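Trainee: A predicted structure for the sequence below; I have some questions about it.
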Amino acid sequence: MPTPERTKIMGVLNVTPDSFSDGGRYFDHDAAIAHGFELLRSGADIIDVGGESTRPGSVRVDEAEELRRVVPVIRELAAAGALISVDTMRAKVAEASLDVGAHIINDVSAGLSDPAMLTVAAETAAPVVLMHWRGYLDRASASFHYDDVVTEVITELKTRIDEATAVGVKHENIILDPGLGFSKNAEHNWQILGALDEFADLDHRLLVAASRKRFISTLLSPEDPKLAEESAKDQATAAISALSARAGAWAVRVHEPSTSAIAAKVIHAVNAHAPAATPDERAAEGEA
């Protein structure tokens with residue numbers, strides 16, 4: 001059985017003034033482009049460029065402003081050979097980004113915010129990330145009830161898969177993201193992380209995006225999550241990256257690539273040296 005590919009590292013590049021972790025640091029185009037190259041040097045395989053914050057309470061920017069933010073940055077990084085995903089909920093922004101060199105669409109609304117998004121993905125044959133989310137920007141921080149968060153998130157993702165394939169998105173171009181931190185509390189997030197194998201078994205590539213999210217801060221500093229240090233959050237993120245890689249995730253989305261890149265390399269080495277299945281295990285697989 002061939003060794004699975006190493007889990008890829010998707011570096012976050014927020015060209016925004018208000019993102020929850022690094023809003024404003026890279027709002028200037030030159031700063032954003034420079035940081036994109038720094039992410040690559042630090043171990044990122046993919047740069048995820050976004051021009052609109054989805055933090056709780058954020059207000060949507062208009063389409064022209066989102067285009068102004070991301071298109072020049074994507075054009076420059078793609079021209080230098082970087083593999084780019086565009087983090088957007090707008091079909092026109094996705095299409096313009098693909099036109100200047102982006103390769104992947106990362107839609108946190110899974111096509112619900114702009115129904116034309118799935119058509120763009122189908123017509124361009126671009127891989128598209130479908131993330132689980134309920135409520136969207138107006139209720140992003142609301143507490144949602146789940147009887148069984150893993151089962152319900154998987155069921156709702158399957159609905160998005162059906163919608164995508166119905167308009168012509170190819171099976172192999174669908175990437176799933178369980179949406180950690182979106183319409184979920186800390187307990188929901190940990191339950192999902194404990195069941196990553198179930199998401200990896202959905203026969204689609206899996207993206208895990210835990211980096212620096214509030215549930216990590218709450219774990220590290222329960223009395224006041226705002227006091228959790230960024231370096232500690234990145235170490236916790238790297239641990240989640242290792243768990244994700246062990247579960248077979250295609251990629252992890254992170255703000256600080258270096259520690260997660262090391263974690264992914266370690267898991268890849270472990271997988272490469274794992275013992276082959278025994279004859280009894282192979283027989284059991286054949287009977288299944």
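Mentor: Looks like it came in fine. On a predicted model such as this, the values are computed, not experimentally measured, just so you know.

Trainee: would you mark the buried spots in the strand or helix carrying Lys92?
Mentor: Using DSSP states H and E, Lys92 sits in helix 91-99. For helix 91-99, burial by neighbour count (16 or more other C-beta atoms under 10 Å) applies to 91-98. Bear in mind the C-beta positions are built from the backbone N, C-alpha and C, glycine included.

Trainee: same check, this time on stretch 128-135
Mentor: For stretch 128-135, the neighbour count (16+ other C-beta under 10 Å) marks 128-134 as buried.

Trainee: ok, stretch 61-77 next?
Mentor: 61, 63, 66-67, 69-77.

Trainee: again with stretch 178-188
Mentor: So stretch 178-188, judged by 16+ other C-beta under 10 Å, has buried residues 178-186, 188.

Trainee: among these, name the ones in helices.
Mentor: Among the buried residues of stretch 178-188, the members found in helices (DSSP state H) are 186, 188.

Trainee: let's have the buried residues of stretch 178-188 in CSV, adding pLDDT and distance to Asp201.
Mentor: Listed next are the buried residues of stretch 178-188 as CSV, based on pLDDT from 0 to 100; distance: C-beta to C-beta, whole Å:
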residue, pLDDT, distance to Asp201
Pro178, 98, 13
Gly179, 96, 18
Leu180, 96, 18
Gly181, 91, 22
Phe182, 91, 22
Ser183, 90, 22
Lys184, 92, 20
Asn185, 92, 25
Ala186, 94, 24
His188, 96, 19
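
Trainee: between the buried residues of stretch 178-188, which is nearest Arg214?
Mentor: Gly181 (6.4 Å; C-beta to C-beta).

Trainee: that closest one and Ile84, how far apart?
Mentor: 23 Å (C-beta to C-beta, to the nearest Å).

Trainee: what's the answer for Val59, then?
Mentor: From Val59 to Ile84 the distance is 26 Å (C-beta to C-beta).

Trainee: and Arg212, by the same measure?
Mentor: 21 Å.

Trainee: Thr165 now?
Mentor: 25 Å.

Trainee: looking at the two, which one has more neighbours?
Mentor: Shown here are Thr165 and Ile84; by other C-beta atoms under 10 Å, Ile84 has more neighbours (23 against 15).

Trainee: pretty sure that one is touching Ile105, no?
Mentor: No: the pair Ile84 and Ile105 does not pass the contact test of C-beta atoms under 8 Å, sitting 10.5 Å apart.

Trainee: now for the two: what residues contact both?
Mentor: Shared contacts of Ile84 and Ile105 (C-beta atoms under 8 Å, 6 or more residues apart in numbering): Ser97.

Trainee: out of the buried residues of stretch 128-135, which is nearest to Thr259?
Mentor: Val129 (22.6 Å).

Trainee: that closest one in helix, strand or coil?
Mentor: Secondary structure, DSSP: H, G, I helix; E, B strand; the rest coil: Val129 is strand.

Trainee: off-centre distance for stretch 170-182?
Mentor: With C-alpha atoms, centre = their mean, to the nearest Å as the basis, stretch 170-182 stands 8 Å off its chain's centre.

Trainee: what about that stretch, how long is it end to end?
Mentor: 26 Å (C-alpha to C-alpha, to the nearest Å).

Trainee: which other residues reach it?
Mentor: By C-beta under 8 Å, 6+ apart, stretch 170-182 touches 54, 104, 106, 108, 121-122, 125-134, 140, 153, 157, 161, 164-165, 189, 192-193, 199, 202-210, 213-215, 250-251.

Trainee: of these, buried ones?
Mentor: Buried among those (16+ other C-beta under 10 Å): 54, 104, 106, 108, 121-122, 126-134, 140, 153, 157, 161, 164, 189, 192-193, 199, 204-210, 213-215, 250-251.
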